[in-house]
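# predicted coordinates and the sequence they were generated for:
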Amino acid sequence: MTYLEALYGSQYDEIKRNGKDGNKGRLNGNIFLTAFLIMFFTTVILALCYLVPQISNGLGRLLSNTFGNNGKVTGKLLAIVFGGIFYFIINKTIGTQENFIHYVDNFLAYPEDTRNKAAKMLLVPFFVVLILMFLLAFLN
């Protein structure tokens, strides 16, 4: 089972079991993938800042000059901008309706015990990236 089959298929399956329209799993999957990509790229940037202090200083000056010293506003603006960009790209490439149907059909073809492992397959990389992101944020 691929990561995308696990993502879209498990979302479809869970929503369908609750008696709702399983096609809403596409939206949930796209949002999850967007959040995961934002966290991944944030982790990469934090790792670069940790390994190369000049990047950290330059990035800090750039953000401070652009948005001021308010990190809360900076975070919200960057999250909205990059979140919108990532969601648009995902929605037009990986998360199209045709791809969603393909991933769901493949997911439903797996045996029940394999499908039950989908949540673990999704959450392990998510939490690894989340923990790395927080660790690198505190180290910087």
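In hand now; what should we look at? Owing to the predicted nature of the structure, the values given are computational and were not obtained by experimental measurement.
# select the longest helix from this protein.
Scanning the chain for the helix with the most residues, using DSSP state H, yields helix 25-51.
# and the average pLDDT for the following helix or strand past that one is what?
Sequence-wise, the next helix or strand beyond helix 25-51 is helix 53-67, with elements assigned using DSSP states H and E. Averaging pLDDT along helix 53-67 gives 73.
# and helix 53-67, how far from the chain's centre?
25 Å (Cα atoms, centre = their mean, to the nearest Å).
# need the contact partners of that helix.
Residues from elsewhere that reach helix 53-67 (Cβ atoms under 8 Å, 6 or more residues apart in numbering): Ile45, Leu48, Cys49, Tyr50, Val73, Thr74, Leu77, Asn140. Glycine gets a C-beta too; all of them are placed from N, C-alpha and C.
# try it again with 6 Å
Where contact means Cβ atoms under 6 Å, 6 or more residues apart in numbering, the residues beyond helix 53-67 that reach it are Leu48, Cys49, Thr74.
# Ile101 versus the nearest residue to Tyr3 once chain neighbours are set aside, what's the distance?
By the measure of Cβ to Cβ, 6 or more residues apart in numbering, the closest residue to Tyr3 outside its immediate chain neighbours is Met121, 6.8 Å from it. Met121 sits 20 Å away from Ile101, going by Cβ to Cβ, to the nearest Å.
# what's the answer for Leu132, then?
Counting by Cβ to Cβ - Leu132 and Ile101 are separated by 33 Å.
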